[in-house]
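[1] okay, sequence plus prediction incoming.
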Amino acid sequence: MTVIPRTHPRYRSLRVRADLAEKMREGLVAPEGLMAHGRGEAFDYLLGERTSPEARAAIRAAAARILLARRPVFSVNGNVAALAARDVARLVARYPRLRVEVNLFHRTPQRARDVAQVLQRAGLREILGIRPTARLRGLPSDRGWVDARGILRADLVVVPLEDGDRAEALRAAGKCVISIDLNPLSRTSRTADLPIVDELTRALRLLARDLKELSGEPKERLRALASAVQGEDLRSRSLERIRKRLRTLAREEPRARPGPAG
Ligand code: ATP
């Protein structure tokens, strides 16, 4: 186990990395998952490592859409299980109609069982997708497997840290796609009906809170909240935020001094 001093200014980030590396060695996280995490971290730096107002609005709209959906499903891969199993369990505790499906890009039967076990330990009772029986059109090889009781018949799918091809296949199958992805430029964010550009664990805690607050609200109000934001606008506001932040930082950074040779 890597020892990280609590006083380190980036303690949390290093702790998460060490945990993910450990879970990669155990087989829960795919090696490619570590690279996806690194890409996410880079965008979190650019976004200021906090939930932006546009991400906050997207999360509220996502809660409203989930409450309005007939068969909402939350998709879980190795990274999501490693980073946020308890947060996923909390979501389901707040809203038990939300079903959870193991959905792996790099699928092996063992990894699917491992992901399910982590979710079970976090308190989830029903987990779909451990032995998927159906296929999603347009996705070759193992990436197309889904559960006939879950994603196949879902009208809404929440896809955190998803790959663009699958997000596109879900859209093409007529499902409402809500992504959680720190990269506003990814194909997933560009494809989703509702892109939440925020860090997974921050977003899930707010989503659980909103699901609790909004459950019991009249459908009219939920519909108004659900349509209060537009995917394209959310993405461009995130990009604009990064642009402004970089400009401000560039002004603040002390200019590099010329060396002795000039
Ligand atoms: P696409 O195929 O959609 O263009 P991609 O090639 O980046 O995207 P993946 O490699 O599967 O797809 O990456 C998953 C995405 O998850 C990355 O874009 C990364 O920004 C994002 N990501 C990684 N870790 C987190 C996290 N903790 N919270 C939110 N997003 C994350």
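    That came through fine. Numbers count the residues shown, from 1 in each chain.
[2] of all the residues in the stretch 51-200 of the chain, which ones are close to the ligand?
    Within the stretch 51-200 of the chain, the positions lying close to the ligand (CB under 6 Å from any ligand atom) are 83, 161, 163-164, 180-183, 186-188, 199-200. For the C-beta atoms, the positions are set from N, CA and C on the backbone; glycine is no exception.
[3] grab the two from those residues that are most spread out in space.
    Within these, Leu83 and Arg187 form the most distant pair, 21.3 Å apart (CB to CB).
[4] who's more crowded, these two?
    Counted by other CB atoms under 10 Å, Leu83 and Arg187 do not tie: Leu83 has more neighbours, with 24 against 17.
[5] wait, what's in contact with the closest residue to that one other than its chain neighbours?
    Once flanking residues are discounted, Leu83 sits nearest to Leu200: 5.7 Å by CB to CB, 6 or more residues apart in numbering. Taking CB atoms under 8 Å, 6 or more residues apart in numbering, we find Leu200 in contact with Gly40, Val80, Leu83, Ala84, Asp87, Pro160, Leu161, Ile180.
[6] ok, 10 Å please
    With contacts defined as CB atoms under 10 Å, 6 or more residues apart in numbering, Leu200 is in contact with 37, 40, 79-80, 83-84, 87-88, 160-161, 180-182.
[7] distance of it relative to Leu20?
    Separation of Leu200 from Leu20 (CB to CB, to the nearest Å): 12 Å.
[8] which neighbours do those two have in common?
    His37, Asn79, Leu83.
[9] circling back: so of the contacts of Leu200, which ones are in strands?
    Per DSSP state E, strands hold the following members of the contacts of Leu200: Pro160, Ile180.
[10] for Arg247, grab the count of nearby residues.
    Using other CB under 10 Å as the criterion, the residues surrounding Arg247 number 10.
[11] for it, identify the helix or strand it belongs to.
    Secondary structure assignment for Arg247, by DSSP states H and E: helix 231-252.
[12] now that helix: buried residues?
    Gly231, Leu234, Arg235, Arg237, Ser238, Arg241, Ile242 (16 or more other CB atoms under 10 Å).
[13] least confident of these?
    Ranked by pLDDT, the buried residues of helix 231-252 bottom out at Gly231 (93).
[14] could I get the contacting residues of it?
    Here Gly231 is in contact with Ala58, Ala61, Val177, Ile178, Ser179, Ser189, Arg190, Thr191, Ala192, Asp193, Leu194, Pro195 (CB under 10 Å, 6+ apart).
[15] top of those residues by number of neighbours, please.
    Ala58 (32 neighbours).
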